[in-house]
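S.K.: task: produce atomic coordinates for the following.
(one chain, ligands or ions: 1)
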Amino acid sequence: MKRILCVGLLAMMAMAPAYADDVKVTKAWARATAPGQDSASVQLTITSKKDATLIGVASGSAQRGEIHTMVMEGDVMKMRAIESLPLPAKKTVTLGADGNHLMLIGLKNPLKAGRKLPFAITVKFADGKTSVIRILAAIKPLETTGDAGQMQMQPATQPATQPEAAMQHHEHQH
Ligand SMILES: [Cu+2]
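M.R.: All right, here's what the predicted structure looks like:
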């Protein structure tokens, strides 16, 4: 019985990336860089089947990668590198939306919309084993909001006119 199980596992491992079964990464994307911008924030969701910790990020397209969190210093929101980020079992952890994000620093080339950005994350499991998961992030167009766009946390997928129209309707309800 045990032997059959092992053979089955081996067959599965031969077909799929080694750890794809334990850690699922989805919705990976980065924004195209503005002129002169040499670092980029990468957004993604990670779901680990087992309790794990995100311990690193790296890309051949950048000099180094860091895990960042946002902290308030006085009145100013700043980002700071952290050593690791917990990935509780079966919980989808979103990076990029709530302050935590991955940062690639020292980009070797500008990020161009429509291309892919290859990078890898390193995850450590509770049993001490680590695994490297390779990901291709979609590169979305840079928005023209005036600032560098680098730390824009919300993808602007909704037409800006819609909330205004809704508000006008409310104003007429008396
Ligand atoms: Cu950052």
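
S.K.: got the residues of the chain near the ion?
M.R.: Counting by Cβ under 5 Å from the ion, the residues of the chain close to the ion are His68, Met79, Met103. Bear in mind the C-beta positions are built from the backbone N, C-alpha and C, glycine included.

S.K.: which of those fall within strands?
M.R.: For the residues of the chain next to the ion, membership in strands holds for His68, Met79, Met103, with DSSP state E as the criterion.

S.K.: correct me, but the first one touches Met77?
M.R.: Spelled out, that is His68. No: counting by Cβ atoms under 8 Å, no contact exists between His68 and Met77, whose distance comes to 11.7 Å.

S.K.: looking at those two, which is more packed in?
M.R.: Ranked by neighbour count (other Cβ atoms under 10 Å), His68 and Met77 place His68 first, with 23 against 11.

S.K.: which of the helices or strands spans Ala28?
M.R.: Assigned by DSSP states H and E, Ala28 falls within strand 23-31.

S.K.: and that strand, what does it pack against?
M.R.: Counting contacts by 3 or more Cβ pairs under 8 Å, 6 or more residues apart in numbering; DSSP states H and E, the secondary-structure elements packed against strand 23-31 are strand 39-48, strand 116-125, strand 130-140.
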